[in-house]
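Chemist: mind looking at a prediction? Sequence and model below.
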Amino acid sequence: MAEVHWRELKREVVDSGLCTGCAACVMACPRDVLGYGDDYFPVQIGEGMAHDQCVIGDRGCDICTRACPRFRDWESDLDEALFGRVRERDEVYGQVRSILLVRATDAGVAEVGQDGGLVSALLVWGLQTGRIDGALSSVIVDGGRGPFDAEPALVTTREQVLATAGSRYTYSANPLAMAQAEEEKLKQLALVGMSCQASINGSLPARKVNKYDRKIALTIGLLCSKTFTYEGQKQVLADHDIDITDVVKINIKGRYQVWTGDGGYHEIPLKLFHPHTREGCKLCPDFAAQHADISTGGIGADDNWTLTLIRTARGEEWMKGLIDAGLIEARPGEDDQVAMSLLTKLSTISRKRWPGDALPTRAGLPGLLPIVT
Ligand SMILES: Cc1cc2nc3c(=O)[nH]c(=O)nc-3n(C[C@H](O)[C@H](O)[C@H](O)COP(=O)(O)OP(=O)(O)OC[C@H]3O[C@@H](n4cnc5c(N)ncnc54)[C@H](O)[C@@H]3O)c2cc1C
């Protein structure tokens, strides 16, 4: 019998509110005991079992707890697996090799990118050079709900990458696209995901979930404070006389920016959206996608540049490949002091969300490594 399995994962992570809904456990579950609910949380879907029971777990399977990037000593386990050491107290946005501001030189990519188009440039280059044969990403759900409602999608061509570029501020558990990648027998994949999902990059090697660790060639994290519900965004937009179906782009830069199909531009105070925060984001302490190979965001003084944190050797290798191929323009992150101070500030704010009564970590602290505030 496994010492820990779905029963512990459910009690310690899902029921305690620490679960972000990243779907790593669902992706890794070898027997389809776990499914994914409309509320963005994992559920037990096996027949004839109690909601916290897993007969496969009773026979020795603990893979869901191992894949989970929030289970027990997650932060130090993942730090050590990826960086060979636990973070220092002042590494509030995690461990980095370098920080750059980047934008794509290919006009087709730059045009559709949310910020500098780096994520799309990486995916296109990876596909074209054979480094990956697909990417676990997200796509807008086709149904007239505007650029909001995203769901996981496998992309395998430049056209698909460009068609799925940009940011949706509803949640999309991109690791779920792994099922389609497996059906199509793809071997090397990039994972694009918000901070919580990007931490899978650390949990897979840390706890030896080898089948999926081998498949993920690069993890690109999206800096993220939170996601909002579709209905909540619709309501706030309606309160400002904006029909959600007229919206063509949204961005969040301290305020909620909206572009409509008739060429209109609107700004709405971000605080109006906070009551509509998705449940799984409320205790998430990771703004900066601290366990990605490359983390990307749009904060800073200049629009149309991607703030890029290069964290691992393979992240560095991919970035060098793009620079050498002339596909991106890059300058030092320190060029933009607004971006650098926001990075520290927003990372610190998110870390304070972690509850003090969460299970102690190996370091004897309440669930999370300490920070300098
Ligand atoms: C919900 C959310 C919140 C964010 N919050 C912040 C923030 O607070 N501060 C900040 O600096 N940056 C934030 N970002 C990151 C930022 O919006 C850009 O994604 C990032 O700067 C990369 O820009 P790009 O032009 O290089 O990416 P692009 O080339 O436009 O590629 C973006 C990639 O993200 C994927 N994607 C889009 N929406 C989702 C989604 N909902 N779920 C999963 N994948 C998705 C796309 O499919 C695409 O692969 C957030 C992103 C998201 C999705």
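Modeler: Sure, I can see it. Residues are numbered from 1 along each chain as shown.
Chemist: every contact and neighbour count from this point should use C-alpha atoms.
Modeler: Noted.
Chemist: what sits closest to residue 315 if chain neighbours are left out?
Modeler: In space, and not counting its chain neighbours, residue 315 is closest to residue 293: 4.7 Å by CA to CA, 6 or more residues apart in numbering.
Chemist: roughly how far apart are that neighbour and residue 13?
Modeler: Note on residue 293: its distance to residue 13, by CA to CA, to the nearest Å, is 25 Å.
Chemist: same thing with residue 340?
Modeler: 32 Å.
Chemist: repeat for residue 248
Modeler: Distance from residue 248 to residue 13, by CA to CA: 36 Å.
Chemist: higher neighbour count, the two?
Modeler: Neighbour totals were compared for residue 248 and residue 13, and residue 13 leads with 21 against 16 (other CA atoms under 10 Å).
Chemist: then the more buried one would be within a helix, right?
Modeler: Yes. Residue 13: assigned to a helix according to DSSP: H, G, I helix; E, B strand; the rest coil.
Chemist: which residues sit in contact with it?
Modeler: By CA atoms under 8 Å, 6 or more residues apart in numbering, the contact list for residue 13 reads 19, 70-71.
Chemist: for this structure, which spans come out with low pLDDT?
Modeler: Within the chain, the ranges that satisfy pLDDT under 70 run 1-2, 142-147, 357-373.
Chemist: which bits of it sit near the ligand?
Modeler: Neighbours of the ligand within the chain, by CA under 6 Å from any ligand atom: 113-120, 137-139, 150, 164-172, 174, 192-194, 222-227, 296-299, 306.
Chemist: what's across from the spatially closest residue to residue 251 that is not a sequence neighbour in the sheet?
Modeler: Leaving aside its sequence neighbours, residue 251 sits nearest to residue 257 (CA to CA, 6+ apart; 5.1 Å). Note on residue 257: beta-bridge partners residue 251, residue 267, judged by DSSP bridges.
Chemist: distance of residue 257 from residue 25?
Modeler: Relative to residue 25, residue 257 is positioned 34 Å away (CA to CA).
Chemist: all strands in the stretch 101-250 of the chain, in order from the N-terminus.
Modeler: With DSSP state E, counting those that start in this stretch as the criterion, the stretch 101-250 of the chain has strands at 134-140, 150-155, 189-194, 216-222, 247-252.
Chemist: a markdown table please, covering these and showing distance to residue 45.
Modeler: Converted to a markdown table, the strands of the stretch 101-250 of the chain look like this (distance: least, CA to CA, whole Å):
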| stretch | distance to residue 45 |
| --- | --- |
| strand 134-140 | 24 |
| strand 150-155 | 20 |
| strand 189-194 | 25 |
| strand 216-222 | 26 |
| strand 247-252 | 35 |
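Chemist: buried residues in the longest helix seen in the chain, which are they?
Modeler: Ranked by residue count, the top helix of the chain under DSSP state H comes out as helix 337-351. The neighbour-count check on helix 337-351 (16 or more other CA atoms under 10 Å) flags 339-340, 343-344, 346-348, 350-351 as buried.
Chemist: got the domain boundaries for this structure?
Modeler: The record's domain split for the chain, according to automatic domain parsing, is 6-72, 98-227+277-351.
Chemist: closest to the ligand out of the contacts of residue 13?
Modeler: residue 19 (16.1 Å; CA to the nearest ligand atom).
Chemist: neighbour count: residue 257 and residue 25, which is higher?
Modeler: In this view residue 257 and residue 25 are compared by other CA under 10 Å, and residue 25 has more residues nearby, 26 against 16.
Chemist: and the closest residue to the ligand within the stretch 201-350 of the chain, how close does it get to residue 106?
Modeler: Here the stretch 201-350 of the chain gets closest to the ligand at one residue, residue 297, 3.1 Å apart by CA to the nearest ligand atom. Remark: distance between residue 297 and residue 106 (CA to CA) = 19 Å.
Chemist: try residue 255
Modeler: Distance of residue 255 to residue 106, computed by CA to CA: 28 Å.
Chemist: again with residue 212
Modeler: 32 Å.
Chemist: give me the more crowded residue out of those two.
Modeler: Neighbour tally, residue 212 and residue 106, criterion other CA under 10 Å: the higher count belongs to residue 212, 20 against 13.
Chemist: isn't the more buried one up against residue 204?
Modeler: Yes. At 6.9 Å, residue 212 and residue 204 qualify as touching, with contact defined as CA atoms under 8 Å.
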